[in-house]
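*Asks:* Build the 3D model from these lines:
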Amino acid sequence: MSNAPTAEKADVTDGSRPRRLTYAAALSGLEGLALAVGGVWMLVLGLTGSPDDRGQAVTGGITVIVLALLPLLAARGLLLRKSWSRGPAVITQIMALPVAYSLLQADSAAIPAGIALAVVAVASLVLLVNSATTQALGIKGPGRSS
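*Replies:* Coordinates of the predicted model:
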């Protein structure tokens, strides 16, 4: 066994961003981008299609676009190593799990989307609670003042 630091520990101590943090930011950004595209799609269909309630369709599209800001801002914060960004990123993943479950219950082409969403959400959660990620963000556990 050598006493050389591992690549992850070297990343944390030399001030650079660990790969796990970069991957978590990329996944969060990907989810935010998917939400934004879905919101724009809903908005366009609400305006150009023939929905039962145009106002409700437009409101739904705008709501999804605004919700896309949460993971996008979290991804930016993670890339910039801001400690506040882990909270919104974790909340996004926790909210994605019930959505993935409901997509998996469908009898349609939504099942692959549910599988992909579940994999991304679980992978993101694992990356976000990793010790290298928390160290890089400067997050200390309860009772740790140093």
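
*Asks:* measure residue 98 to residue 105 for me?
*Replies:* Separation of residue 98 from residue 105 (C-beta to C-beta, to the nearest Å): 11 Å. In short, each C-beta sits where N, CA and C put it, glycine included.

*Asks:* Could you check how many residues crowd around the residue lying closest to residue 45 once chain neighbours are set aside?
*Replies:* Closest residue to residue 45 apart from its sequence neighbours, by C-beta to C-beta, 6 or more residues apart in numbering: residue 57 at 6.7 Å. Taking other C-beta atoms under 10 Å as the neighbour definition, residue 57 ends up with a count of 19.

*Asks:* can you pull the buried residues of the helix or strand harbouring residue 57?
*Replies:* Residue 57 is part of helix 54-67 when elements are defined by DSSP states H and E. In terms of neighbour count (16 or more other C-beta atoms under 10 Å), helix 54-67 has its buried residues at 57-58, 60-61, 64-65, 67.

*Asks:* any low-confidence regions in this protein?
*Replies:* For the chain, applying pLDDT under 70 flags the ranges 1-15, 143-146.

*Asks:* So which residues of it form helices?
*Replies:* Counting by DSSP state H, the chain has these helices, from start to end: 7-13, 19-48, 54-67, 69-79, 86-104, 110-128, 131-137.

*Asks:* relative orientation of the fourth one and helix 110-128 in degrees?
*Replies:* For the pair helix 69-79 and helix 110-128, the angle between their directions (axes from the mean of the first three to the mean of the last three C-alpha atoms, to 10 degrees) equals 40 degrees.

*Asks:* just checking, what packs against helix 69-79?
*Replies:* helix 19-48, helix 86-104 (3 or more C-beta pairs under 8 Å, 6 or more residues apart in numbering; DSSP states H and E).

*Asks:* so can I have a markdown table of those showing distance to residue 116 and mean neighbour count?
*Replies:* Putting the helices and strands packed on helix 69-79 into a markdown table (distance: least, C-beta to C-beta, whole Å; neighbours: other C-beta atoms under 10 Å) gives the following:
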| stretch | distance to residue 116 | mean neighbour count |
| --- | --- | --- |
| helix 19-48 | 10 | 18 |
| helix 86-104 | 8 | 17 |
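
*Asks:* Can you check which of those helices gets nearest to residue 132?
*Replies:* Smallest distance to residue 132 across the helices and strands packed on helix 69-79 (C-beta to C-beta): 5.4 Å, for helix 19-48.
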